[in-house]
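1. with the sequence up front, the predicted model follows.
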Amino acid sequence: MAEVENTVCPWCQTEIVWDEEIGPERHCPHCENELSGYRTLQIGLDGNDEDEDEEEIGEEDWEERNGRAEASGISLAPDLSELRHYNRDQLVLKEAMDRLLDDQLEAPECPSCREFMLEAGTQTITEAQFKPRTPATMTEPLLTPPFQIVLYVCPSCFHTEQRLGVQEQERLIQLLSNEVGNGK
């Protein structure tokens, strides 16, 4: 019978015993972290330091190599220009969104993705576009044209939403208050 290999999770320090038929685990069954890959450092506990292939580079050697590489037009430093460009664009976008939201009277939350929505503009609804309805319990219609609707758009998922304009909101509240006060 072959010996079963034991692994220790580097994250939760739990010993993981795996079955020979199934093979080694890829994720720790206790903490669900990856056991191999870029996040795990494999350390040999046998005491055998036979890895003579890896050459230790001193500071002087590094400067010499870097100097030769720069002289030939090659840089040994990782190219992070794309990463910086992406982060800068994201920061500029976030800053622009914050400025736009600060200028708005209301900033509703998108029902789809929970991002704050931007006010895109207003639309005036005329008598030709809207026929008001008067509820049976009221003497006046809830809305009488012309009135304004504010259009909001989500900058993340582009969902749109409409709300009554501020004046129409106040008029509706006043109308409902008067109807309740009149006892109808």
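-> Okay, I see it. Residues are numbered from 1 along each chain as shown.
2. is it true that residue 97 lies in a helix?
-> Yes: read with DSSP: H, G, I helix; E, B strand; the rest coil, residue 97 is one of the residues of a helix.
3. that one and residue 155 touch, don't they?
-> Yes: applying CB atoms under 8 Å, one finds residue 97 in contact with residue 155, separated by 6.2 Å. In this view, the C-beta of every residue, glycine as well, is placed from N, C-alpha and C.
4. overlap in contacts, these two.
-> Among the neighbours of residue 97, those also in contact with residue 155 (CB atoms under 8 Å, 6 or more residues apart in numbering) are residue 118.
5. quick one: the helices in this structure?
-> In the chain, the helices defined using DSSP state H lie at 59-71, 81-103, 166-181.
6. count the neighbours of residue 154 for me.
-> Neighbour count for residue 154, taken as other CB atoms under 10 Å: 20.
7. got the domain ranges for this structure?
-> Domain assignment for the chain by automatic domain parsing gives 1-47, 106-181.
8. ok, of the helices of the chain, where does mean pLDDT dip lowest?
-> Note on the helices of the chain: lowest mean pLDDT is at helix 59-71, with a mean of 61.
9. where does this structure dip in pLDDT?
-> Scanning the chain for pLDDT under 70 picks out the ranges 1-5, 36-87, 182-184.
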